[in-house]
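S.K.: output the structure for:
(one chain, ligands or ions: 3)
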Amino acid sequence: ELYGIFGKENYVAIHLILEIFIIISCMAIAIQVWFISKFSFINKDIYIGALFLFLALIEIVHTISYKGMPYFITESSPYEATWFYILERLFLSIGLLAVMVWKVKKHSGASRWISYSVALVLAIICVFIVYSPKQLLPPLVIEGVGTTFLKNTLQYTALSIQVLLILYLVRHYKIAPRRSLLFVVASIYLIVSDILFTFYKDVYDIYNFLGHIFQLFAFVVLFRAIYYSAVEYPYKRMSLVNQELEQSKKEMYNMAYFDEITNLPNERFIYEKIKEKIEYHQEFTLLIFEFERLATIKSSLGTFYSEEMLRLAAERLHQSISSNYVVGKLREDQFIIIVNGQKELNEIEAVCEQIQQLFETPFQIQHFSLHSNVNIGIANYPGDAKDENNLIKYAQFAMYEAGLTTEHIMFYHSKISDKRTERVVLENNLYQAIQNNELFLQYQPQIDVMTGEIIALEALVRWNHPTRGLIPPAEFIPIAEQSGLIIPFGNWVLETACRETKELQEKLNKPVKVAVNLSIGQLFQANFVSNVLDILEKTDFHPQCLELEITETMTMKTNQVKPILHQLKECGISVAIDDFGTGFSSLSYLKDLPIDSLKIDRGFVGKIKNGCTEPLVDMILSVAKHLQLKVIAEGIETMNQLHYLKSNQCDFIQGFLICKPINMDVLLKEFDQIQMKAIDMVALLKLEQ
Ligand code: C2E
Ligand code: CA
Ligand code: CA
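M.R.: Ligands and ions are numbered 1, 2, ... in the order given. So this is what the prediction gives:
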């Protein structure tokens, strides 16, 4: 008994205080859920709120009817107080279990009103039953003796349900670990209080007091659990979601405004920047530049190399270009720099030179050392254009033109635009060129340096434009390559070359070979080899009389070219590397690929001057000798060059010295004459020696 600490008469007050705390806990839960359920539409939450409203109401009547409380409606008695208690206890454990097992659903706005009303009505019914003047229910406690069998049975029923709840929570622990833990703790407190409430003999004894204490603990923990699941957890999740949202917003911004490969501001960013400047009428200059050989590197080595090159280029720019300039990347693998303010021509030129110097050292990517010119186009605001689209377009036009100059730098001027328009027109005309018979071939003989005999002809395509006249291949082949026209074009060239050379062979009764130039797009088209074989069959041309000229860049995709070249070789077709020495420095591919000859570029031959040695020519000749390849030199214009090549064991030559490229009908007529001339020239050299 508690008399030792405080008197019997004080117990009512102590009980009252404990009960008030319990009521506060229950009410707090009910009110909290009521407000939260406006935002969280989970049915379980609302049922819990309603349950605790009911519990709070019953707890109030339990408190006021407690033994020793002042007269209120009726005299207070253990009968009423215990019944209210046991009702509350049963509803608590049954309610909690039911809510836990209940399926989670979304509720409508009305259901919290309904649930709370049901709780209220239920509480009123309970009050009426218990308060009924005629005692409708059997007593649960007999004073001095203790609790009755019924009370204990009901108490243990509540306890058992509580245990069931614990088991349920433990099984479904993972769904909401922290909430489950709190519910389990509360349940344990309730079970302890249950046991204590079956032990007491008198409401004043220590068991009753401790029972209340544990009951209070349980409610406080329940409050904590419901606060956690209804407020804390959703709030934490929300702030996590917010954080993720923030993060993805950032990522989206980066994706929208930065280039993936180089991490530089992208086209959208640059456009917006330029627009902004134009809005405020701030002067600036745009520099757009690209690597001349990037497209070739991409098509021959693959995107890995081109992207890596762009990335390394961006790094170099980042390190060396003043932070006053905005550096960005446009979609077409072009870089753009915005130089603010009004600038003198020489200032801009200095920036251009700085950029070019930056890329003088080759990019080392795996075992390739890649080098390329940068072509820079410049347009200025407000001088060249007044809107961002035209400014960028004009700088790009200038950049394309820059590729044709030795400085590789070009300021925009209005003539450039006209040229570009011309190019587009040219591309359109090109589509009809084959059908309209505007293409034709010229042939340039190749002679054996030892005998002077014409052993082959190089076929060179010409375009007779209806209004512009003869257009050199250097101008329209790149357009054909870019537009994809090179495939029908190439087929036409090959077929015509075979047919016309066949005619020549029959007339002369001599197996003169023909050399046909190939573009990279042709070599890598599907069924290239069978396509060639079809043409040979169609024109009844001997494969051994056909030589295909490819360039060094085409050999860089060694794995891809190798099978194609082997197939060609098996058919008897020979392969020469054109413009040898102007492409990539790696020579390793030479011994891996089945190549027949190397063709020294006319640029190197042109450097052969009287009495001097030309180291590059010597080098090519010696490489060829070691690899047992034939060498043909093109662009021979002087006897000196012929002499030099002959004395250095070059096998064949081709050039204006012997004959310019000429039409087949002319060649047929003048063949003997040209042949005589060649033999004479070679003979003359022999005499000199
Ligand atoms: P290429 O294959 O290097 O052709 C040799 C070029 O040098 C030809 O120019 C020829 O006329 C020129 N040439 C020959 N001997 C001399 C000489 O002694 N001195 C000088 N200065 N030049 C000489 P062309 O016909 O203008 O062809 C230019 C380029 O166009 C060719 O260079 C080739 O890459 C391309 N090409 C020509 N025809 C075709 C074709 O049918 N298909 C493809 N894909 N490309 C072609
Ligand atoms: Ca050629
Ligand atoms: Ca060449």
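S.K.: please point out which parts of stretch 369-381 sit buried.
M.R.: Residues of stretch 369-381 classed as buried by neighbour count (16 or more other Cβ atoms under 10 Å): 370-381. Backbone N, C-alpha and C define where each C-beta goes, glycine included.
S.K.: mind putting those residues into JSON lines with distance to ligand 2, pLDDT and secondary structure?
M.R.: Putting the buried residues of stretch 369-381 into JSON lines (distance: Cβ to the ion, whole Å; pLDDT from 0 to 100; DSSP: H, G, I helix; E, B strand; the rest coil) gives the following:
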{"residue": "Leu370", "distance to ligand 2": "24", "pLDDT": "85", "secondary structure": "strand"}
{"residue": "His371", "distance to ligand 2": "23", "pLDDT": "85", "secondary structure": "coil"}
{"residue": "Ser372", "distance to ligand 2": "22", "pLDDT": "88", "secondary structure": "coil"}
{"residue": "Asn373", "distance to ligand 2": "22", "pLDDT": "88", "secondary structure": "coil"}
{"residue": "Val374", "distance to ligand 2": "27", "pLDDT": "92", "secondary structure": "strand"}
{"residue": "Asn375", "distance to ligand 2": "24", "pLDDT": "93", "secondary structure": "strand"}
{"residue": "Ile376", "distance to ligand 2": "30", "pLDDT": "95", "secondary structure": "strand"}
{"residue": "Gly377", "distance to ligand 2": "30", "pLDDT": "94", "secondary structure": "strand"}
{"residue": "Ile378", "distance to ligand 2": "35", "pLDDT": "94", "secondary structure": "strand"}
{"residue": "Ala379", "distance to ligand 2": "36", "pLDDT": "93", "secondary structure": "strand"}
{"residue": "Asn380", "distance to ligand 2": "41", "pLDDT": "91", "secondary structure": "strand"}
{"residue": "Tyr381", "distance to ligand 2": "44", "pLDDT": "89", "secondary structure": "strand"}
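S.K.: a markdown table for these, including distance to Val529?
M.R.: As requested, the buried residues of stretch 369-381 are exported to a markdown table (distance: Cβ to Cβ, whole Å):
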| residue | distance to Val529 |
| --- | --- |
| Leu370 | 29 |
| His371 | 32 |
| Ser372 | 31 |
| Asn373 | 34 |
| Val374 | 37 |
| Asn375 | 35 |
| Ile376 | 41 |
| Gly377 | 40 |
| Ile378 | 46 |
| Ala379 | 46 |
| Asn380 | 51 |
| Tyr381 | 53 |
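S.K.: quick one: Ile653 from ligand 3, how far?
M.R.: The gap separating Ile653 from ligand 3 is 13 Å, by Cβ to the ion, to the nearest Å.
S.K.: can I take it that that residue is in a strand?
M.R.: Yes - assignment of Ile653 by DSSP: H, G, I helix; E, B strand; the rest coil places it within a strand.
S.K.: out of the buried residues of stretch 369-381, flag the one nearest to Leu264.
M.R.: Distances from Leu264 to these, taken as Cβ to Cβ, are shortest for Val374 (15.5 Å).
S.K.: once you drop chain neighbours, what's closest to that closest one?
M.R.: In this structure, Val374 finds its nearest non-sequential neighbour in Phe289, 4.8 Å apart by Cβ to Cβ, 6 or more residues apart in numbering.
S.K.: ok so, going back, relative to Phe652, which of the buried residues of stretch 369-381 is nearest.
M.R.: Phe652 has its nearest neighbour among the buried residues of stretch 369-381 in His371, at 30.2 Å by Cβ to Cβ.
S.K.: check contacts around the closest residue to that closest one other than its chain neighbours.
M.R.: Closest residue to His371 apart from its sequence neighbours, by Cβ to Cβ, 6+ apart: Pro362 at 3.9 Å. By Cβ atoms under 8 Å, 6 or more residues apart in numbering, the contact list for Pro362 reads 369-371.
S.K.: may I ask which helix or strand of the protein has the lowest mean pLDDT?
M.R.: strand 146-147 (a mean of 80; mean pLDDT, DSSP states H and E).
S.K.: would you list the phi and psi of the residue nearest to Val374?
M.R.: phi -140, psi 160 (degrees, to the nearest 10).
S.K.: touching, it and Phe335? I think so.
M.R.: Yes - the criterion here is Cβ atoms under 8 Å, and Phe289 meets it with Phe335 at 5.5 Å.
S.K.: which one's more surrounded, the two?
M.R.: Phe289 (27 against 24; other Cβ atoms under 10 Å).
S.K.: what residues are up against the more buried one?
M.R.: 334-335, 337, 355, 374-377, 399.
S.K.: so how many other residues sit close to Ala480?
M.R.: Ala480 is flanked by 23 other residues according to other Cβ under 10 Å.
S.K.: ignore what I typed, I meant Tyr173.
M.R.: Count around Tyr173 with other Cβ under 10 Å applied: 13.
S.K.: hang on, it in a strand?
M.R.: No - per three-state DSSP, Tyr173 lies outside any strand segment and is coil.
S.K.: now it: phi and psi?
M.R.: Taking degrees, to the nearest 10 as the convention, Tyr173 sits at phi -50, psi -40.
S.K.: spatially nearest residue to it (excluding sequence neighbours)?
M.R.: Using Cβ to Cβ, 6+ apart, the closest residue to Tyr173 is Ser180 (5.1 Å).
S.K.: give me every residue that touches the one you found.
M.R.: Counting by Cβ under 8 Å, 6+ apart, Ser180 has contacts 169-170, 172-173.
S.K.: the helix or strand harbouring Gln247 packs against which elements?
M.R.: Element membership for Gln247, per DSSP states H and E: helix 233-257. For helix 233-257, the elements it packs on are helix 267-279, judged by 3 or more Cβ pairs under 8 Å, 6 or more residues apart in numbering; DSSP states H and E.
S.K.: shouldn't Glu495 be in contact with Lys538?
M.R.: Yes - counting by Cβ under 8 Å, Glu495 touches Lys538, with 6.9 Å between them.
S.K.: more neighbours, the two?
M.R.: A side-by-side neighbour count of Glu495 and Lys538, using other Cβ under 10 Å, places Glu495 first with 17 against 11.
S.K.: can you tell me how far the more buried one sits from Tyr325?
M.R.: Separation of Glu495 from Tyr325 (Cβ to Cβ, to the nearest Å): 53 Å.
S.K.: list the buried residues for whichever helix or strand Gln442 is part of?
M.R.: Element membership of Gln442 [criterion: DSSP H and E] is strand 439-448. Of the residues in strand 439-448, 439, 441-448 count as buried by neighbour count, 16+ other Cβ under 10 Å.
S.K.: burial count for the residue in the stretch 151-300 of the chain that ligand 2 sits nearest to?
M.R.: Distances between the stretch 151-300 of the chain and ligand 2 by Cβ to the ion are smallest at Thr296, namely 16.6 Å. Using other Cβ under 10 Å, the number of residues around Thr296 comes to 19.
S.K.: spatially nearest residue to it (excluding sequence neighbours)?
M.R.: Nearest one to Thr296, counting by Cβ to Cβ, 6+ apart, is Thr553 at 5.0 Å.
S.K.: so, low pLDDT: which residues of the stretch 501-650 of the chain?
M.R.: Scanning the stretch 501-650 of the chain for pLDDT under 70 picks out 583-586, 611.
S.K.: close to ligand 3: what parts of it are there?
M.R.: Residues of the stretch 501-650 of the chain lying close to ligand 3 (Cβ under 5 Å from the ion) are 578-579.
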